[in-house]
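Engineer: Sequence first, predicted coordinates after that:
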Amino acid sequence: MKCPYCNEDDTKVIDSRPADDNCSIRRRRQCERCGKRFTTYEKLETMPLMVIKKDNSREAYDRSKIESGVIRSCHKRPVSTQQIDSMIDNIENRIFNMEEKEVATSAIGELVMESLKDLDEVAYVRFASVYREFKDVNTFMEELSKLLKK
């Protein structure tokens with residue numbers, strides 16, 4: 001670590017302890033050349049999960065986007081916020097357990113639809129109609145007939 005006062009490369013750690021947030025380490029250092037002390041913080045660098053959208057653009061994963069879609073589909077349905085949170089937690093666990101740095105929105109959408117189908121069939125159809133971009137009543141009826149077969 002370079003000394004911020006004299007740019008010397010040779011510094012030593014005097015004290016090391018967890019920082020206030022408990023997610024980083026605070027280190028007190030002393031320059032071997034000028035003797036001045038300074039503080040550094042060491043933090044784990046994490047790579048954010050990236051989502052690949054339909055147009056192949058990429059953006060950072062955002063839980064709130066899943067939440068808003070699910071909440072809209074469950075509007076005026078007998079589904080509690082606790083059930084929604086639990087479902088989204090499970091979806092998130094499955095996404096992160098894939099251990100991929102990039103996940104397609106189509107994969108996330110399929111996980112959401114699979115979970116909604118078990119939670120509430122009306123919410124599932126609502127979500128599917130937007131997600132799969134139903135163009136007409138026939139497409140809608142095809143999805144309903146699949147549901148009725150099961």
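Structural biologist: Yep, it's here.
Engineer: In contact with the residue nearest to E102 when sequence neighbours are not counted, which residues?
Structural biologist: Among residues not flanking E102 along the chain, M50 sits closest, at 4.6 Å (CB to CB, 6 or more residues apart in numbering). Just so you know, the C-beta spots here come from the backbone N, C-alpha and C atoms, and that holds for glycine as well. M50 makes contacts with R58, E59, A60, Y61, K101, E102, V103, as judged by CB atoms under 8 Å, 6 or more residues apart in numbering.
Engineer: M50 pairs with what?
Structural biologist: Assessed by DSSP bridges, M50 has beta-bridge partners A60, E102.
Engineer: now it: how far from I95?
Structural biologist: Distance, M50 to I95, using CB to CB, to the nearest Å: 12 Å.
Engineer: quick one: common contacting residues for the two?
Structural biologist: Common contact partners of M50 and I95 (CB under 8 Å, 6+ apart): Y61, V103.
Engineer: For the lowest-mean-pLDDT helix or strand in the chain, give me every contacting residue.
Structural biologist: In the chain, no helix or strand scores lower on mean pLDDT, DSSP states H and E than helix 137-149, which sits at a mean of 76. Contact partners of helix 137-149, identified using CB under 8 Å, 6+ apart, comprise K117, E121, Y124, V125, A128, S129, R132, F134.
Engineer: Keeping just the C-alphas, turn it into CSV.
Structural biologist: In CSV, the C-alpha atoms belonging to helix 137-149 read as follows (Å, rounded to 0.1, in the frame of the first residue of the first chain):
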residue,chain,number,x,y,z
VAL,A,137,-58.0,-14.2,-27.3
ASN,A,138,-56.9,-17.5,-28.9
THR,A,139,-53.4,-17.4,-27.3
PHE,A,140,-55.1,-16.6,-24.0
MET,A,141,-57.4,-19.6,-24.4
GLU,A,142,-54.5,-21.9,-25.2
GLU,A,143,-52.8,-21.0,-22.0
LEU,A,144,-56.0,-21.5,-20.0
SER,A,145,-56.6,-24.9,-21.6
LYS,A,146,-53.0,-26.0,-20.6
LEU,A,147,-53.9,-25.0,-17.0
LEU,A,148,-57.2,-26.9,-17.1
LYS,A,149,-55.5,-30.1,-18.3
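Engineer: Can you tell me the closest non-neighbouring residue to F134?
Structural biologist: Closest residue to F134 in three dimensions, ignoring its sequence neighbours and counting by CB to CB, 6+ apart: F140, at 5.0 Å.
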